[in-house]
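Asks: Mind folding the following:
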Amino acid sequence: MKKPTISDLAKAAGVSVTTVSHAFSGRRHVDPETCKRIERLADQLGYHPSGMARALRSGRTGVIALASSMPFAVAAGPSRLGFLMEIAASAAMSALTRDLALCLIPPHPTAPSYGTASFDGVILVEPMLDDPLIQHFEQRRTAIVSIGTVPGRPDIPSIDLRSHETACLLLNHLAEQGCRQIAALLGTSPRTSQIESADAYAAFVAQHGTQARLIRLEEEDAENTAYRQMLDVLRTDPAVDGVFASIDAFATGAIRAAHDTDRAIPEKLCVVTRYDGLRAKLSQPPLTAVDLYLPMVAEKAVELLLNQIDGHKHSVKSDLPKLIIRASSQKRGS
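Replies: This is a model prediction of the structure:
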């Protein structure tokens, strides 16, 4: 059956196409009774006005965005199916059920590259302290919600990913496996996940009376950077028997270094990471990681953003993370 057009609806209603357009967009006054008749006939004919028309009526674009300043190698992951992509898939579905479109802005080093595209609001994934994306969207008066709290910006509605608790969960697991000298591979960027992981590691080392081996790494080319650093660590410090990697690409770099230095996993070295993504699952051996419940986080972020657009600001915490134990740290002898 042919899809009804606006001309078909105008003919059925006995009005002009312009009147039908104005009835749906609200840009010009149309008699209320005529509007009701047009809407009733639209339902009968199966005619659906364009999203653009509805947006004009509400003063909105009907489009929200998802963006992150994380380097592409970290945000996208292997085959471009990493942290950001998992959030994007769930956020897009959540937006669609609310009759919205979601625009994914690829990770890019400079915010001005995003041009002049207009959005009703934007979800930022783990922004860092003084993140240029925040300045960019605030200057454009775009509503912002953050996945992960924003350092120094409690006024921005956010979903707390509980990074401190996640780090404690992983570090305590390593201790339970018998690890006594744990190296921490953390990113240099001032994101809450890295800040809270560093705090958790410092507290863990103090509590257990072990030597700190905190290694800060640039996130660009993350896996190769971690690989080179861990080669040096494993060759010069045989006491290191555990690795806590706050970024999954750091963990896979550590796994490669262990293989190349004949450090058996998990017998001689246990490796764990924060994000249970494709890297963790495809690693050899598979990596112990944490389920951050990202589909639920993404859906909640869309909800918070819509509330923010409507003038209602509030923040929430994600569910407690769940430890997924795999062969990279499975208890010895089990």
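Asks: Now do the helices for the protein: every range, in order, please.
Replies: Under the criterion DSSP state H, the chain contains helices at 6-13, 17-25, 32-45, 51-58, 72-75, 83-97, 132-139, 163-176, 192-208, 222-236, 248-260, 278-282, 294-309.
Asks: lowest-confidence stretch among the ones you listed?
Replies: Among the helices of the chain, helix 51-58 carries the lowest mean pLDDT, a mean of 52.
Asks: sorry, back to before: do you know which of the helices of the chain lies nearest residue 216?
Replies: For these, proximity to residue 216 was assessed by Cβ to Cβ; helix 192-208 is nearest, at 8.6 Å. Yep, even glycine has a C-beta here, placed from its N, CA and C like the rest.
Asks: contacts for that closest one?
Replies: With Cβ atoms under 8 Å, 6 or more residues apart in numbering as the test, helix 192-208 has contacts from 126, 148-151, 161, 163-164, 166-168, 171-172, 175, 182, 184, 186-188, 211-212, 214, 244, 246, 274.
Asks: ok, now how distant is residue 329 from residue 191?
Replies: 24 Å (Cβ to Cβ, to the nearest Å).
Asks: Ok, residue 316 next?
Replies: Where residue 191 is concerned, residue 316 sits at a distance of 19 Å (Cβ to Cβ).
Asks: if we can go back for a sec, quick check: ChimeraX command selecting the buried ones in the contacts of helix 192-208.
Replies: Of these, the buried ones can be selected in ChimeraX as follows, counting by 16 or more other Cβ atoms under 10 Å:
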select :126,148,149,150,151,161,163,164,166,167,168,171,175,182,184,186,187,244,246,274
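Asks: Could you save the helices of the chain as TSV and add columns showing distance to residue 268?
Replies: Shown next, in TSV, are the helices of the chain (distance: least, Cβ to Cβ, whole Å):
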stretch	distance to residue 268
helix 6-13	71
helix 17-25	68
helix 32-45	69
helix 51-58	58
helix 72-75	28
helix 83-97	29
helix 132-139	42
helix 163-176	13
helix 192-208	20
helix 222-236	9
helix 248-260	8
helix 278-282	20
helix 294-309	32
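Asks: and among these, the most buried is which?
Replies: helix 248-260 (a mean of 25; mean count of other Cβ atoms under 10 Å).
Asks: and the angle for that one with helix 222-236?
Replies: Taking axes from the mean of the first three to the mean of the last three Cα atoms, to 10 degrees, one finds helix 248-260 and helix 222-236 inclined to each other by 40 degrees.
Asks: what about helix 248-260, distance to the chain center?
Replies: In terms of Cα atoms, centre = their mean, to the nearest Å, the gap separating the centre of helix 248-260 from the centre of its chain is 23 Å.
Asks: That helix packs against which elements?
Replies: With contacts defined as 3 or more Cβ pairs under 8 Å, 6 or more residues apart in numbering; DSSP states H and E, the packing partners of helix 248-260 are strand 182-187, helix 222-236, strand 242-245, strand 270-273, helix 278-282.
Asks: got the angle for it vs strand 182-187?
Replies: 140 degrees.
Asks: Pull the contacting residues for residue 309.
Replies: 60, 120-121, 143.
Asks: out of everything not next to it in sequence, what's closest to residue 286?
Replies: Once flanking residues are discounted, residue 286 sits nearest to residue 326: 4.1 Å by Cβ to Cβ, 6 or more residues apart in numbering.
Asks: how close does residue 167 sit to residue 153?
Replies: On the measure of Cβ to Cβ, residue 167 and residue 153 end up 21 Å apart.
Asks: what's the span of stretch 213-225, first residue to last?
Replies: Using Cα to Cα, to the nearest Å, the end-to-end distance of stretch 213-225 comes to 16 Å.
Asks: Could you measure from residue 175 over to residue 319?
Replies: 24 Å.
Asks: next one: residue 96
Replies: In terms of Cβ to Cβ, residue 96 sits 23 Å off from residue 319.
Asks: Residue 123 too?
Replies: 18 Å.
Asks: quick one on the thing from earlier: what's near enough to touch the residue nearest to residue 286?
Replies: Counted by Cβ under 8 Å, 6+ apart, residue 326 has contacts 280, 285-289.
Asks: Show me which of those are buried.
Replies: Buried among these by 16+ other Cβ under 10 Å: 280, 286-289.
Asks: Would you mind checking which of the residues you listed the model is least sure about?
Replies: Lowest confidence among these: residue 280, with 94.
Asks: Wait, that one touches residue 292, no?
Replies: No - at 11.4 Å, residue 280 does not count as touching residue 292 under the criterion of Cβ atoms under 8 Å.
Asks: ok, now which ones touch the residue nearest to residue 15 when sequence neighbours are not counted?
Replies: Nearest non-adjacent residue to residue 15, counting by Cβ to Cβ, 6+ apart: residue 34, 6.6 Å away. Taking Cβ under 8 Å, 6+ apart, we find residue 34 in contact with 13, 15, 19, 23.
Asks: do you know how far residue 253 is from residue 262?
Replies: 17 Å.
Asks: swap in residue 170?
Replies: Counting by Cβ to Cβ - residue 170 and residue 262 are separated by 25 Å.
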